[in-house]
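K.L.:
For reference, the sequence and a predicted model appear below.
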Amino acid sequence: MAASITLAVSLYGISFGALAVAAGFSFWQATALSVLMFTGGSQFAFIGVVAAGGSPAAAFSSATLLGVRNTLYGIQIKALLSPLGLKKLLSAQVTIDESMAAATAQETRPEQRRGFWLTGIGIWIGWSAATAIGALLGDAMADPEAFGLDGAVVAAFLGLLWPRLKAREPWALAVVAALVTVLTMPLAPAGVPILIAAAAAILWGLLAARMERASQEADA
């Protein structure tokens with residue numbers, strides 16, 4: 001699983017590198033964004049604002065907004081892995097959508113750790129290398145749709161999601177999150193619909209836990 005996800009996501013990094021150069025960033029600036037920022041949605045938002053003539057402050061704000069979800073991931077990963085020392089710093093760097101999904105898709109704690117580390121580090125290396133390649137190739141690779149690279153990322157996420165849809169509740173939650181995202185996309189800035197869908201999922205979990213406790217108390 002980690003290898004397939006790494007390959008799919010890393011390929012999309014080629015597009016980021018090319019788009020960054022087309023937006024006026026140098027090879028080293030584009031590569032540094034992937035090595036240091038390392039969160040694809042925030043990176044695309046950052047260069048998009050700059051390319052549209054926005055200020056660095058506006059670009060930073062947009063990138064930060066899209067990266068808020070990683071804070072929620074970090075809380076879960078800390079509880080899951082309990083990293084110490086340098087591992088804590090490294091785990092913070094590689095906590096992204098894909099590493100979080102790969103970890104939580106596993107059944108046992110050792111496999112969760114393996115999924116997180118292999119996916120996170122693999123994508124970090126692959127994404128950074130692909131960005132450098134895209135920055136070197138320049139405008140010829142600037143359109144991800146021309147090469148189907150955007151579809152590869154979607155396919156990777158669907159591959160992670162599908163095994164978890166084994167009961168009616170996960171299906172219902174997936175439908176609600178998708179519906180919330182679709183309805184808010186025309187109304188909210190980029191990145192906000194994802195956060196709203198995540199908030200809806202959290203609210204769902206809290207309500208489900210409260211109902212379960214109430215049911216247990218009633219039975220007792």
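P.N.:
Yep, it's here.

K.L.:
Only C-alpha atoms from now on, for both contacts and neighbour counts.
P.N.:
OK.

K.L.:
Quick check, central residue of the protein?
P.N.:
By CA atoms, centre = their mean, the chain has its centre lying nearest to residue 97, at 3.0 Å.

K.L.:
who are the neighbours in contact with residue 47?
P.N.:
19, 20, 23, 59 (CA atoms under 8 Å, 6 or more residues apart in numbering).

K.L.:
and it, what element?
P.N.:
If you go by DSSP states H and E, residue 47 is part of helix 40-51.

K.L.:
now do residue 136
P.N.:
Applying DSSP H and E, one finds residue 136 within helix 109-137.

K.L.:
Report the buried residues of that helix.
P.N.:
Buried residues in helix 109-137, counting neighbours by 16 or more other CA atoms under 10 Å, are found at 112-124, 126-137.

K.L.:
Could you name the helices and strands sitting against that helix?
P.N.:
Under the contact criterion of 3 or more CA pairs under 8 Å, 6 or more residues apart in numbering; DSSP states H and E, helix 109-137 touches helix 2-22, helix 27-32, helix 69-81, helix 97-104.

K.L.:
Save those as a markdown table, and put in distance to residue 212 too.
P.N.:
Converted to a markdown table, the helices and strands packed on helix 109-137 look like this (distance: least, CA to CA, whole Å):
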| stretch | distance to residue 212 |
| --- | --- |
| helix 2-22 | 34 |
| helix 27-32 | 47 |
| helix 69-81 | 22 |
| helix 97-104 | 22 |
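
K.L.:
Residue 93 contacts residue 35, doesn't it?
P.N.:
No - if you go by CA atoms under 8 Å, residue 93 and residue 35 don't touch, sitting 9.4 Å apart.

K.L.:
what is the rounded mean pLDDT of the helix holding residue 136?
P.N.:
What helix 109-137 shows for mean pLDDT is 90.

K.L.:
swap in stretch 29-47?
P.N.:
Stretch 29-47 comes out at a mean pLDDT of 87.

K.L.:
chain center to that stretch, what's the gap?
P.N.:
Centroid separation for stretch 29-47 versus its chain: 12 Å, with CA atoms, centre = their mean, to the nearest Å.

K.L.:
Alpha carbons only: can I get that stretch in PDB?
P.N.:
Coordinates of each C-alpha in stretch 29-47 appear next as PDB, following Å, rounded to 0.1, in the frame of the first residue of the first chain:
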ATOM      1  CA  GLN A  29      12.500  28.000  -4.100                       C
ATOM      2  CA  ALA A  30      10.100  25.400  -5.500                       C
ATOM      3  CA  THR A  31      12.200  22.500  -4.200                       C
ATOM      4  CA  ALA A  32      12.500  24.200  -0.700                       C
ATOM      5  CA  LEU A  33       8.700  24.500  -0.500                       C
ATOM      6  CA  SER A  34       8.300  20.800  -1.000                       C
ATOM      7  CA  VAL A  35      11.100  19.800   1.400                       C
ATOM      8  CA  LEU A  36      10.100  22.300   4.200                       C
ATOM      9  CA  MET A  37       6.400  23.000   3.800                       C
ATOM     10  CA  PHE A  38       5.500  19.500   2.500                       C
ATOM     11  CA  THR A  39       1.800  19.600   2.300                       C
ATOM     12  CA  GLY A  40       0.600  19.600  -1.200                       C
ATOM     13  CA  GLY A  41      -2.700  21.600  -0.900                       C
ATOM     14  CA  SER A  42      -1.000  24.400   1.000                       C
ATOM     15  CA  GLN A  43       1.900  24.500  -1.500                       C
ATOM     16  CA  PHE A  44      -0.500  24.800  -4.500                       C
ATOM     17  CA  ALA A  45      -2.400  27.500  -2.600                       C
ATOM     18  CA  PHE A  46       0.800  29.400  -1.900                       C
ATOM     19  CA  ILE A  47       2.000  29.500  -5.400                       C
END
